[in-house]
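1. Here's my sequence, what's the structure:
(one chain, ligands or ions: 2)
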Amino acid sequence: MSKTKNFYLENIPLDEAWRRFIAALEGCGMWSELPGEAVALEEALGRVTAQPVWAALSSPGYHASAMDGFAVRSSETIGASETAPKRIPVGPNGPASYVDTGDAIPSWADAVIMIEHTQRIDDADGSQSIEIHAAVAPWTAIRPMGEDMVATELVLPANHLLKPVDLGALAGSGHTTVQVRRKPRVAVLPTGTELITVEQAAREGVKPGDIIEYNSLVLSAQVREWGGEPTRYPITIDDYQLIREKVRTAAETHDLVLVNAGSSAGSEDFTSSIVEDLGTLLVHGVAVRPGHPVILGVVANTPVIGIPGYPVSCALTSETFVEPLLSRWRGQQPNQKPRVQASITRKLLSPIGEDEMVRVTAGRVGERVVAAPLSRGAGVITSLVRADGIVRIPRFSEGVEAGQQVSVELYRTPADIERTVVHIGSHDLCLDLLAQHLADSGRRFTSANAGSLGGLLALRRGDAHLAGSHLLDPATGEYNVSYVKQHLPGIPVVLMTLVHREQGLIVAKGNPKGIRTLADLSREDVQFVNRQRGAGTRVLLDYHLEKQGIAAGSIGGYRREEFTHMAVAVAVQSGAADCGLGIASAAQALGLDFIPLEKERYDLVIPRVYFESELVRPLLDLVHGSRLRREVDALSGYDTAGMGKIIELD
Ligand SMILES: Nc1nc2c(c(=O)[nH]1)N[C@H]1C(S)=C(S)[C@@H](COP(=O)(O)OP(=O)(O)OC[C@H]3O[C@@H](n4cnc5c(N)ncnc54)[C@H](O)[C@@H]3O)O[C@H]1N2
Ligand code: MOO
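-> Ligands and ions are numbered 1, 2, ... in the order given. As a prediction, the model looks like this:
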């Protein structure tokens, strides 16, 4: 038994990895549809027919009236007209007889006259007749036997995904059960000594080194969504023999085994050795990121996929390999996401040699759809939660330039993209509140952090509907106006004040270093954390440093840049820095101390075309209403007195 570690991950192109996998699956009879099983119609929704279904009965099973009215012989109506109406006596055996919709037509009749086209006449002798003003052709208002389905006719082909109406057609044609493909049985094995269950975390808290296990939850839910039947195994610690035993037994009772984590080259990454030990290792490492260290193999005629541990890699690897396999077994084509052409909002470098899947948000801005890249971290599951789609950067390309056209594989519908308000710029907590309420008006709100200046540049390129900005002009003491004039020349713009907010020094609880003023940042024992160039907060800092004659070079940590207020606050909370400049609400959110420096104005910069658009209107209504104002007032460090004030710049 081998326990050797596989230090050498391959870099196999995706299509080659699939070729190897399919060849091996064909070899063990696992690259074809799964056999059928009979299920009751009530259980059959979302299943796939395993064979064609032929009608057992005709429907309707007799000639049925299509209308409420009178069954007649059409020959008796000939000659009837407005000027020469005809009377036909009513009786159980004709020549006219009342029928309801769906009733069988009497054998002597061959047409039905709708009741509203007849006039009832009560004759003196107590008998009845109808008067008609038009003739009817044979088979008028009759649903002939078998109009819907004739016995022996094809109702559904094989490999048909059953929808609600299909179940009706099956019952209507006389079937009580239907043969559907067996659900693929998929074992989901989470492994890792660092893993704890979420219940354990809720009970005992999370210690450094603990990771809440949720990949198996995601994988099982994906399997279920794709028509499979998952078995979610409990966590197995990183122990070669324990994992080996689980893989061996799972392979005996399942169609597919997913081993999660332990796929790369670490000292406790056993999956590839175990697959080699128990069966055949086909692939270890594909030229795809995230998901590079994926393992493909076969154990006891059962495919085994080693899925990388990072949550984003895990979910995407499953989309890449598990979904197409389950589709194949169910006789379905692999899932094809809707695609849209979009313009990418910023330059992306991507390593040659690997296909990269970049998560993006997407929205329509004017004539174009724009795609804004999200975090590329393989551990950032929220980036997949927020993603509207995926952009693939092929392995023979070094990346894409800002403004380049890309194809986005959408997780949402094209209609969702049309109702998206796109924000690029400086972030503020109040935007999250706005986003929440916008959903009530059927709008989606996506936001990319690019800093205030980045936001203005995005507006100039036409990449966003609005940009949050708080850029102080040292010459005038005014916010945003001069920057908008400089960077958006010729574009009519509305500046709408969202809030005034308190900027200041964020320090650890109790202010252990006794930091009071900006001058303290130059102290030997104080480590600062800065914001990126172009951020309004950075402009504010540099303005005050200059005013007070403090040299940036004298501040330890001045060059260390974070991209958001919360990232600065987290750096202080974790002890990585003693102090950073940011907004009061970020300090409050993490229970940190705050030394106010300046009250600044945070505006939404909105090109007039969007300010006047139907899409953005609900956002303006929210800013002018009382609900958002009340909620912002409840946060610390904000002043809503100026909320909704407008400056127009042409
Ligand atoms: N020296 C190298 N190191 C790494 C390489 C490499 O090529 N050489 N590849 C990196 C890449 S890319 C990936 S992806 C990961 C894959 O790692 P593993 O599959 O071995 O997974 P772990 O290292 O055990 O875990 C990674 C990460 O994910 C967390 N995790 C694991 N399982 C779960 C779960 N069930 N639920 C939630 N989170 C989970 C785990 O705790 C780790 O934080 O390797 C890189 N390293
Ligand atoms: O390939 Mo790993 O999955 O990039 O993060």
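
2. residues contacting residue 645?
-> By Cβ atoms under 8 Å, 6 or more residues apart in numbering, the contact list for residue 645 reads 496, 497. In short, each C-beta sits where N, CA and C put it, glycine included.

3. And for residue 551?
-> 522, 545.

4. That one and residue 518, how far apart?
-> Distance, residue 551 to residue 518, by Cβ to Cβ, to the nearest Å: 12 Å.

5. Let me know the helix or strand that residue 497 is in.
-> strand 493-507 (DSSP states H and E).

6. Report all helices and strands that the helix or strand just after that strand contacts.
-> Note on strand 493-507: by DSSP H and E, the next helix or strand toward the C-terminus is strand 528-531. With contacts defined as 3 or more Cβ pairs under 8 Å, 6 or more residues apart in numbering; DSSP states H and E, strand 528-531 has these neighbours: helix 536-548, strand 561-562, helix 565-573, strand 579-583.

7. May I have the phi/psi pair for the closest residue to residue 40 other than its chain neighbours?
-> Take residue 40 and drop its neighbours on the chain: the residue closest to it by Cβ to Cβ, 6 or more residues apart in numbering is residue 177, 5.7 Å away. When read as degrees, to the nearest 10, the backbone of residue 177 gives phi -130, psi 170.

8. neighbours around the residue in the stretch 501-650 of the chain that ligand 1 sits nearest to, how many?
-> In the stretch 501-650 of the chain, the residue that lies nearest ligand 1 is residue 574 (17.3 Å; Cβ to the nearest ligand atom). Applying other Cβ atoms under 10 Å, we find 10 residues neighbouring residue 574.

9. Kindly report the same for residue 65.
-> 24.

10. Quick check: bridge partners of it?
-> Beta-bridge pairing of residue 65 under DSSP bridges involves residue 142.

11. how near is it to residue 340?
-> 50 Å.

12. Tell me the confidence at the residue of the stretch 251-400 of the chain found nearest ligand 1?
-> Here the residue of the stretch 251-400 of the chain nearest ligand 1 is residue 309; by Cβ to the nearest ligand atom that distance is 2.4 Å. According to the prediction, residue 309 has pLDDT 95.

13. How about residue 3?
-> Residue 3 carries a pLDDT score of 46 in this model.

14. Residue numbers of the stretch 1-150 of the chain in contact with ligand 1?
-> residue 9 (Cβ under 6 Å from any ligand atom).

15. Low-confidence stretches in the stretch 1-150 of the chain?
-> 1-8 (pLDDT under 70).

16. same thing but at 90, please
-> Where the stretch 1-150 of the chain drops to pLDDT under 90, the residues are 1-10, 59, 80, 91-94, 121-127, 146, 148-150.

17. The stretch 201-350 of the chain: strands as residue ranges?
-> Here the stretch 201-350 of the chain has its strands, by DSSP state E, counting those that start in this stretch, at 211-212, 229-232, 256-260, 280-284, 288-289, 295-299, 302-307, 339-344, 348-349.

18. pretty sure residue 560 contacts residue 529?
-> Yes - taking Cβ atoms under 8 Å as the definition, residue 560 is a contact partner of residue 529 at 5.4 Å.

19. what mean pLDDT does the strand holding residue 497 have?
-> The model assigns strand 493-507 a mean pLDDT of 96.

20. What residues does residue 450 make contact with?
-> Residue 450 neighbours (Cβ under 8 Å, 6+ apart): 346, 424, 425, 426, 457, 458, 534.

21. ok, it to ligand 2 distance?
-> Using Cβ to the nearest ligand atom, to the nearest Å, we find residue 450 at a distance of 24 Å from ligand 2.

22. near ligand 2, which residues of this protein?
-> Counting by Cβ under 6 Å from any ligand atom, the residues of the chain near ligand 2 are 289, 290, 291, 292, 308, 310, 313, 378.

23. Now for the residue nearest to the last one when sequence neighbours are not counted: which residues touch it?
-> Taking Cβ to Cβ, 6+ apart as the measure, residue 378 lies nearest to residue 310, with 3.6 Å between them; neighbours along the chain are not counted. Under the criterion of Cβ under 8 Å, 6+ apart, the contact list for residue 310 reads 290, 378, 379.
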